[in-house]
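Trainee: Starting from these lines, generate the structure:
(chains A and B)
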Amino acid sequence: MSGERASKIIEVAEAAAAVDDGMTISIGGFINSGHPMAIVRQLIKDGRRNLTVVGAASSGLETDLLIAAGVASHVISPYVGAEGFAGIGPAFRKAAQDGSLDIFELDEAHFYAGLRASAQRVPYNPWRAGVGTDLPKVNPKLKQYRDPINDELLIAVPAIEIDVCFLHASVSDIYGNVQHNGTRYGDIAMYNAASATYVSVEKVVSPEQIRADPLKTSIPGATGIIRAPFGSHPYSADGYYVPDAEHIKQYLAVATTWLKSGDRTDLDAYIEEYIVGPADHAEYLERIGIRTLLSINEY
Amino acid sequence: MNETASPKEVMAAVIAHGLEDGQWVEVGANLPVPRAGALLGHMTHGPNMTVMIAMTKAYLRDTPVIDEFEFITDVGAMRWAEAYYQHDQLLNNQRHRANGVFFCGGIQIDRYGNSNMIGIGDDYSKLKFRGPGPIGTTNAAAQNGTWHLVTNSHDARVLVDRVDYVSAVGYGRGEPNLRQDLGLPNGGPSSIITPMAVFGFDEETRSARLKSVHAGFTVDDVVANTGFEIIIPSEVPVTDGPTDEELTLLRTRIDAQGALRA
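Mentor: Residues are numbered from 1 along each chain as shown, chains lettered A, B, ... in the order given. A predicted model of the protein is given here:
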């Protein structure tokens, strides 16, 4: 026997370096939970431009932040917002109203149909709902057609092909076997639709721990694993911490100022303080502060 | 009917009264009214209802006080989970939706039960107000066996003659057999439930017809605050709000934090 099994553990910057300007990336999680924020911040630090961002079926403010920072020029998501914090993401709303953001308008069922088509390497998946609505008018890439089997009216949803998928999960071993805690939202559908998947995890665990419950392995072979405790902050990570409401409101306040007045001063100061300024994820967490992190560190 | 029920508590009672045991109801976390209505139906007459709450499937009739969830991702619901709601899997399974009930909102809702979540303005590329996006309303309004439109704003800007963009289709412009011709599995929205009144839809024209008005409001109030022409029958009853028992359930177990009274 020869050769050695390779570790998949990499740094945040290495994962973000898999992205070139103009690519399509996806960001896992759901509204206020489970977004790989250490990587999202790195993409902004790196000054990536003209990305198509496939947000979650319900995206949170991570997608809003990528719009605010000038990284995302196209968004594929049925919702961008923060539920009770903000019904609609302020940067999403501003950029949509300005006409500076290209939005691929679709329902969450279309979203998964598009991801499924990419996973299956076919040009589209059919879907019934959406016929008779204005969605094919505002998004001509959704095409209403008669199916060749039963001549029924359906929507053809084009494949949503993802260059690089970024997720945040509970644990992984060093070989890229990832296990989520609780629900997995739509993370697996994104992984299936992507050419490469980088997952930040709260904790890297032993191969024995993974093998103790292999049915729980949600991603059997990520491209790379990033050690990132509190890697979803300010959003929650199931079983680790709850959303940092104060921090989310701080972002919302500066983004809302930009929406209402067009003045970016506070927004740019936020990006400088929490994203561009910190040298790495650890320094970001230092700026958030140990007391804040401990106060949300439950469940 | 308890005279002290708030308009939102009346809405919750209307929703509960319309639910049947055995149905599948999804409870959005930040939609307190449908949430309370679904849980009230579950508590009072729905032991076999499948209740989806905050990414879990749950049975909650034995729970003394059901906490309010600010977020659909709240892991506090894990304590009740009989199954997790894996979002992509849920959307892969439309067959079971025939037994489902859905409550559809909208930044605009029109007289024919069409809903708009996309935006306000004639030019889609330069909307005056960008809405949140269709979320799951396009699909859920097509696939669930039963669905209702629900709004917390009984306002002429929300209840309009014609929505700017149809993201969930109701009865189109009232064309006969529209839904059958499109091949949509259900028969269309059953009602529009607001803080002031309940509308049904006329069998012939498919246009909104006043069904009942909540205690404390008049038909004139409804007309003054509605942006579309309403079919008004000669007799308009008072809405069946919560019974004393239902109001107690709402205030002590389902909505103890008082979201419906705020």
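Trainee: Do a quick rundown of the strands in chain A.
Mentor: A:9-10, A:24-27, A:51-54, A:72-76, A:102-104, A:124-127, A:129-132, A:143-146, A:153-158, A:162-172, A:177-179, A:194-204, A:217-220, A:224-227 (DSSP state E).
Trainee: Then the stretch 51-200 of chain B?
Mentor: Assigned by DSSP state E, counting those that start in this stretch, the stretch 51-200 of chain B shows strands spanning B:56-58, B:81-84, B:100-104, B:108-110, B:115-116, B:119-120, B:129-130, B:146-150, B:159-160, B:192-193, B:197-201.
Trainee: List the contacts of the third one.
Mentor: So the one you mean is strand B:100-104. B:15, B:18-19, B:23-26, B:28, B:31, B:34, B:37-38, B:115, B:137, B:140-141, B:143-150, B:168, B:189, B:193 (C-beta atoms under 8 Å, 6 or more residues apart in numbering or on different chains). C-beta here means a position set from N, CA and C on the backbone, and glycine is covered the same way.
Trainee: Pull out the buried residues from those.
Mentor: Buried residues within the contacts of strand B:100-104, counting neighbours by 16 or more other C-beta atoms under 10 Å in any protein chain shown: B:15, B:18-19, B:23-26, B:28, B:31, B:34, B:37-38, B:115, B:137, B:140-141, B:143-144, B:146-150, B:168, B:189, B:193.
Trainee: Which of those fall in helices?
Mentor: Within these, membership in helices is found for B:Ile15, B:Gly18, B:Pro34, B:Gly37, B:Ala38, B:Thr137, B:Ala140, B:Ala141, B:Gln143, as judged by DSSP state H.
Trainee: From those residues, pick the one nearest chain A.
Mentor: Here the nearest of these to chain A, counting by C-beta to the nearest C-beta, is B:Gln143; it sits at 6.1 Å.
Trainee: Wait, the closest one touches B:Pro185, no?
Mentor: Yes. Under the criterion of C-beta atoms under 8 Å, B:Gln143 lies in contact with B:Pro185, with a separation of 6.2 Å.
Trainee: what residues are shared contacts of the two?
Mentor: Going by C-beta under 8 Å, 6+ apart, residues that sit against B:Gln143 and also against B:Pro185 are A:Arg128, B:Arg97, B:Ala98.
Trainee: Neighbours of the first one, how many?
Mentor: In other words, A:Arg128. 19 (other C-beta atoms under 10 Å in any protein chain shown).
Trainee: My read is that it contacts B:Pro185, right?
Mentor: Yes. Between A:Arg128 and B:Pro185 there is a contact at 7.5 Å, judged by C-beta under 8 Å.
Trainee: How much space separates the most centrally placed residue in chain B from B:Val163?
Mentor: Of all residues in chain B, the one closest to the mean position by C-alpha atoms, centre = their mean is B:Phe103, 3.0 Å from it. Taking C-beta to C-beta, to the nearest Å as the measure, B:Phe103 and B:Val163 are separated by 17 Å.
Trainee: can you check A:Ile39 too?
Mentor: Between A:Ile39 and B:Val163 the distance, using C-beta to C-beta, works out to 38 Å.
Trainee: For the two, indicate the residue with more neighbours.
Mentor: Summary of the neighbour comparison: A:Ile39 and B:Val163, criterion other C-beta under 10 Å, with A:Ile39 having more neighbours (28 against 25).
Trainee: Quick one: residues contacting the more buried one.
Mentor: A:Val12, A:Ala15, A:Ala16, A:Phe166, A:Tyr198, A:Ser200, A:Ile226, A:Gly231.
Trainee: B:Glu204: neighbour count?
Mentor: Around B:Glu204 there are 9 other residues, counting by other C-beta under 10 Å.
Trainee: same question, the one 4 residues further on
Mentor: Neighbours of B:Ala208 under the rule other C-beta under 10 Å: 28.
Trainee: Dig out what it forms beta bridges with.
Mentor: Legend: beta-bridge partners of B:Ala208 under DSSP bridges are B:Phe201.
Trainee: burial of B:Ala259, as a residue count?
Mentor: The burial count assigned to B:Ala259 is 16, neighbours taken as other C-beta under 10 Å.
Trainee: And the helices in chain A, which stretches?
Mentor: In chain A, the segments counted as helices under DSSP H are A:12-16, A:37-45, A:61-68, A:90-98, A:108-120, A:135-138, A:187-193, A:207-211, A:245-261, A:265-271, A:281-288, A:290-296.
Trainee: The second one versus strand A:162-172: what angle between them?
Mentor: To tie it back to what came earlier, the one meant is helix A:37-45. Using axes from the mean of the first three to the mean of the last three C-alpha atoms, to 10 degrees, the interaxial angle of helix A:37-45 with respect to strand A:162-172 works out to 140 degrees.
Trainee: pLDDT averaged over helix A:37-45 - what is it?
Mentor: This predicted structure assigns helix A:37-45 an average pLDDT of 98.
Trainee: Pull the distance from that helix to the chain's centre.
Mentor: 11 Å (C-alpha atoms, centre = their mean, to the nearest Å).
Trainee: Sketch out the low-pLDDT regions of the stretch 1-150 of chain B for me.
Mentor: Low-confidence regions of the stretch 1-150 of chain B, defined here as pLDDT under 70, cover residues B:1-3, B:28-29.
Trainee: For the nearest residue to A:Pro78 once chain neighbours are set aside, give me its contacts.
Mentor: Spatial nearest neighbour of A:Pro78, excluding adjacent residues (C-beta to C-beta, 6 or more residues apart in numbering or on different chains): A:Glu108 at 4.6 Å. If you count contacts by C-beta under 8 Å, 6+ apart, A:Glu108 has them with A:Ala57, A:Ser58, A:Pro78, A:Tyr79, B:His87, B:Leu91, B:Pro134, B:Ile135, B:Gly136, B:Asn139.
Trainee: Leaving out chain neighbours, which residue sits closest to the first one?
Mentor: When the adjacent residues along the chain are set aside, A:Ala57 lies closest to A:Glu108, with 4.0 Å between them (C-beta to C-beta, 6+ apart).
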